[in-house]
Each structure stands twice: as structure tokens, then as C-alpha cells.
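K.L.:
Model the following, please.
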Amino acid sequence: MNIPRSLRVPARRRRAWGVALATLTVAVATMILLPEPEAGATDAPTDAPTDAPASGGPLMAPIPRTSSEGPRVTLDGPNVHGLFALATGAVRADQASELLAELRLEGMSRTSDAHVPVSLAVVLDHSGSMSGEKIESARESILTLLAAMNDDDRLAVVIYDDDANLLQPLAPARVLRRSLADRVRRVTADGGTDIPQGLRLGIEALREAPAGNATRIILISDGRDGSGLSLSEMSDLVGQAAEAQVVTSSLGVGIDYDQTFMTAVADAGHGNYAFLEHGSMLASFLSRELEESSRTVAENVVAEVTLPAHVRFVAAHGAVAHVVGDRVRVELGTLFAGARRKVVFELASEGAPLDAALPLAVRLAYQSVEPGGARAPNTLGGIANARTVRTNEEVDAAHDPELYPDALATILDAQQDDAMAAWRHGDRESARTASVTALHRYRSAAALHASPLLDERIHAVEAEMRTYDEVDPSSSAGRTFDLGAGARRHAEAAAF
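P.N.:
Coordinates of the predicted model:
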């Protein structure tokens, strides 16, 4: 497997290393653009590149804005079903107005249910805080995972405290079932927490994965990183691995880990993030990671939206966005059969004339994973048009009754995260003010659209507001509530 050289760890530096991630400067003299598909096309052009563009790589060629799809674009190709649609189909003319769009993708089962071979690296925190039930559960969960793997699947195990060690290089499950158990059961809890060292060894271990394997790192920690590496540097580290199709999922165990840090790792690695209050829940998480990896149907999934004049980007929810000029690019990593991924694009129109069309061009590129491990490039695209109107009533009438409540809930969930952060730091007044604002928007939307989702969110915000007054955020109950709510919102931001 082609892991970038910058991610490889020389053996002589695996125990003590200091790293300064260099700023990567890319000078592109000639832009290599994807060929133009017909709007809504599902067949890959014969001269399409083998890989979808990586982070920081060339932007996709724009779709001609003469094509019109209305407010929805269907994105159906091999192994992937999806759409790009406007939740707000109309905006006010000649003034600032909110414009919301959603990208929805679903991994479809292949015609053959052939198992995709998997190479996993479990990166396990065995610092002192993992002692007792957590380390015991972690040890047994790794062995349970090994027992569930196919004979030709591969597993590596990295353990880290304030140092990192490769307990088990990547090897076939059929071999490890005879040799790994004793070494895993001898792992004890001691020392500090240096997550980057563990991740680097996990990335290096997966360099030995055979071509065609689905590759994934599962990071497990119950503490806060003590390496000193910044959050942006950590995201860069994991993001480089994602460019080599290495998914990174993160699992926070207990109530003392850094939620912001662990969610950033999962987001940059296009993987899952979960909060487990008890170590006994580890086995089911690892089992899910194995199942997802073995059912991979698409890799290197990249979407790009080109914005028209009078429309600007505000935020993306459900994926990390890269914005260059009028293009907004999101990288979604891998899809497995049955997986659903969603990105809400929060945009704003400003000063568009009355009765104007606002065309948003979407482009999707990915590699479908075929039986036997072959990869095939695919490109899809089309244009969704918003229109400008005179009154707020016309704007409300143009809401998509399915997508608008979902898009609004996703945006307000992000704002509620900020409210919870204020409460976490003792600022109950700011938390309450932000939540009252969210409730007002929810109730206004619910008056227009009968939606169980909006009702559910109203009840959730009301419950969180009661928590502001009744629970100390630094207490065990407060931390458990905070981490659980954060994990739930993180999962909902990328699902539908």
C-alpha cells in the first residue's frame, strides 16, 4: 500500500520523536481537470483519472451552467445512490437571505456480496488512566475482533502511553489466532498519553496492507493528548493518511478524554466517532468497524459545489470544507453498503435581482469498489437552481418539506454545540441565550412544516436548558451528559 513517505516512522525514532509538520506548498503549473460528464450522468468517461482528486489537489472542472435540473440533482452511479438538493428553493431578491442545500449519499450493495478484504490497525491507549475495567475490556475486545475476522483479513496492534510500541505488525488473522492472545493479555496500564506516536505507528503498520484491502485505523483513548501537537497538525497527520485511503475512527472511553480532539481526528480521517462511558461497550464498536470495512463499496468520495454570483459560502456541516474562490469542496472518504452520508451547505445570497436563477453546480467523483478488489472511477454531476422572489411568504412556500427541517436541525445542532461549550465553561447565561434563539427558530419552522424531527429537537433543547441549571458541568453526570450529547449531534450531522 502506498503510504506517503512523510507518514513513515523510522525505526530508530519510534520511542522518542519530536515532529514539526512542515507547511506543504503546492505550486500547480498545469491544472489537471476531470472530464465533463453530462448532467446526471452515471458512466465514467474512459479518460477519467484513476483517483478522485486528493485534498489540496486540482479542482474539478465546472459543469456548464446552461443545463438546468430544477432544485434537485440525482447522483446515481455504480454502488452509490445520491442527490444534491436545495432545502430553500427560493431566496429574497435584493437583500441578504439564507440558502440551504443538502448532499445525500448512500452506499449500495454490490451485485455480489463478496467480502472486501480488510486491514485494520487498532491503536490502543494503555496509559495509567486505562487501568481496571477499561484495559481489561480493551484486551478482550481486540481478541473478540480477531475471532470475527476472515482468515485473510489482517490486523495490527499498537499500544501507546507516553511512548508507542508496535505490539503486533500487520498479519493475517489466521496466523494471529494462534499467537496474539498471550501478548494482548499481558498489556497493562501505565504512563501518560501521546496519541500522535500511536497514530504514526498505526499508519506505518498499514503500509504493508495488500493492494485491494480496505484499510482503517481505530484509535482508542480515555485521556487527553500530552504530545503538544496542535489540533490542526493532528488533523493534517490524519488527513494525509486519508488521502492514501486509510480511514481513521476514534473512540473516547470514559469521561476524561478531549472530545474536541477526538472528533477532529475522526473528521479528518473520514471515520466514525463514538463516546463509550464504559469499556464493556468496546467490543460492539470494534465489531461495527470491521463490518463497515468489509462492506466498502466506494472510496475517495469527493464532492464539489460551484456557487453562482450573489451567493457566498457560510459553513458546511457533516464534512470538512475546502473553499477556493467560488468552489466548495468536501471529501467524504469511503462508503460501505448501507452507509448514509450527508453534508448540509449553509450559504447566503446577497443582492441578486428579482426573478434571477441562481445555479449551483455539483460534481461528485469516487472510485467504486468491485468484487475482487478492483476500483473503477466514476464522475457524476448536475445543476440545482434556486430562484429569487419578492416576499418572505414566497420563500417559505419554496421550502422543501423534507429537506428544510433536516437542514435547519443540522445547523441549529451546531449552534447548540456552542451553547453546550459555554455551559461547559461555566457561562450559563450565554448557553441559555443561544438555546432560546435555537428554540425560536425551531418553533417558527414547526409552525410552517409539521415535522417529527423538529418536535424532537425542540424537546432536546428544552432538556439541555434544564440541564444548564440542574447539573454541574464538571461533575461526572455533567461530563457524561455533555459527551453523550456531543457524540449524538456529531453522528446526526452526517446522517439522514
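K.L.:
rest of the way, CA atoms for contacts and neighbours
P.N.:
Fine.
K.L.:
what's the closest non-adjacent residue to Thr144?
P.N.:
Ala283 (6.9 Å; C-alpha to C-alpha, 6 or more residues apart in numbering).
K.L.:
show me the contacts for that neighbour.
P.N.:
Neighbour list for Ala283: 137-138, 140-142, 144-145 [criterion: C-alpha atoms under 8 Å, 6 or more residues apart in numbering].
K.L.:
so how many other residues sit close to Ser475?
P.N.:
11 (other C-alpha atoms under 10 Å).
K.L.:
My error: substitute Glu140 in the last question.
P.N.:
Neighbours around Glu140, by other C-alpha under 10 Å: 17.
K.L.:
try Phe481
P.N.:
Applying other C-alpha under 10 Å, I find that Phe481 has 16 neighbouring residues.
K.L.:
could you pull out the helices for the stretch 351-496 of the chain?
P.N.:
392-397, 403-424, 428-448, 452-470, 476-493 (DSSP state H, counting those that start in this stretch).
K.L.:
Leu286 touches Arg139, doesn't it?
P.N.:
No. Counting by C-alpha atoms under 8 Å, Leu286 does not reach Arg139; the two are 11.8 Å apart.
K.L.:
just to revisit the earlier point, just the helices of the stretch 351-496 of the chain: most buried one?
P.N.:
helix 403-424 (a mean of 21; mean count of other C-alpha atoms under 10 Å).
K.L.:
can you state the direction angle for that one and helix 428-448?
P.N.:
Orientation check (axes from the mean of the first three to the mean of the last three C-alpha atoms, to 10 degrees): helix 403-424 against helix 428-448 gives 170 degrees.
K.L.:
just checking, what packs against helix 403-424?
P.N.:
With contacts defined as 3 or more C-alpha pairs under 8 Å, 6 or more residues apart in numbering; DSSP states H and E, helix 403-424 has these neighbours: strand 97-107, strand 311-317, strand 340-349, helix 428-448, helix 452-470, helix 476-493.
K.L.:
Show me the shaky parts of the chain.
P.N.:
For the chain, the stretches flagged by pLDDT under 70 are 1-69, 110-114.
K.L.:
mind giving me the domain ranges of it?
P.N.:
Using automatic domain parsing, the domains assigned to the chain come out as 72-107+297-390, 117-294, 403-493.
K.L.:
So which residues of the stretch 1-150 of the chain form strands?
P.N.:
72-74, 80-86, 90-92, 97-107, 118-125 (DSSP state E, counting those that start in this stretch).
K.L.:
I'd like those laid out as CSV, including mean neighbour count and distance to Leu199.
P.N.:
Formatted as CSV, these follow (neighbours: other C-alpha atoms under 10 Å; distance: least, C-alpha to C-alpha, whole Å):
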stretch, mean neighbour count, distance to Leu199
strand 72-74, 22, 38
strand 80-86, 23, 30
strand 90-92, 29, 46
strand 97-107, 22, 28
strand 118-125, 28, 7
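K.L.:
So which of the ones you listed is nearest Arg488?
P.N.:
Among those, the nearest to Arg488 by C-alpha to C-alpha is strand 97-107 (18.8 Å).
K.L.:
ok, and what's touching that closest one?
P.N.:
So strand 97-107 is contacted by 79-91, 297-298, 335-350, 403-404, 407, 496 (C-alpha under 8 Å, 6+ apart).
K.L.:
do stretch 333-342 as well
P.N.:
Defining contact as C-alpha under 8 Å, 6+ apart, one finds that stretch 333-342 is touched by 79, 102-110, 242, 245, 247, 269-271, 292-302, 318, 332, 493-496.
K.L.:
got it, and stretch 409-429?
P.N.:
Stretch 409-429 is contacted from outside by 317, 344, 346, 430-432, 434-435, 438, 442, 453-454, 457, 461, 468-469, 473-474, 482, 486, 489, 492-493, using C-alpha under 8 Å, 6+ apart.
K.L.:
How about the contacts made by Asp472?
P.N.:
Gly478 are the contacts of Asp472 under C-alpha under 8 Å, 6+ apart.
K.L.:
Leu453 too?
P.N.:
405-406, 409.
K.L.:
let's see it at 10 Å
P.N.:
When contacts are counted by C-alpha atoms under 10 Å, 6 or more residues apart in numbering, Leu453 touches 402, 405-406, 409, 442, 446.
K.L.:
ok, now Glu346?
P.N.:
Contacts of Glu346 by C-alpha under 10 Å, 6+ apart are 98-102, 312-317, 407-408, 410-411.
K.L.:
how about those residues, which pair is most distant?
P.N.:
Arg312 and Thr410 (19.0 Å).
K.L.:
returning to that earlier point: may I see the buried residues of the strand or helix carrying the residue nearest to Thr144?
P.N.:
Here Ala283 sits within helix 282-294, counting by DSSP states H and E. By neighbour count on 16 or more other C-alpha atoms under 10 Å, the buried set for helix 282-294 is 282-283, 285-287, 289-294.
K.L.:
likewise stretch 167-175?
P.N.:
167-174.
K.L.:
Now secondary structure too, for these, in CSV please.
P.N.:
CSV is the format used below for the buried residues of stretch 167-175 (DSSP: H, G, I helix; E, B strand; the rest coil):
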residue, secondary structure
Leu167, strand
Gln168, strand
Pro169, strand
Leu170, strand
Ala171, strand
Pro172, strand
Ala173, helix
Arg174, helix
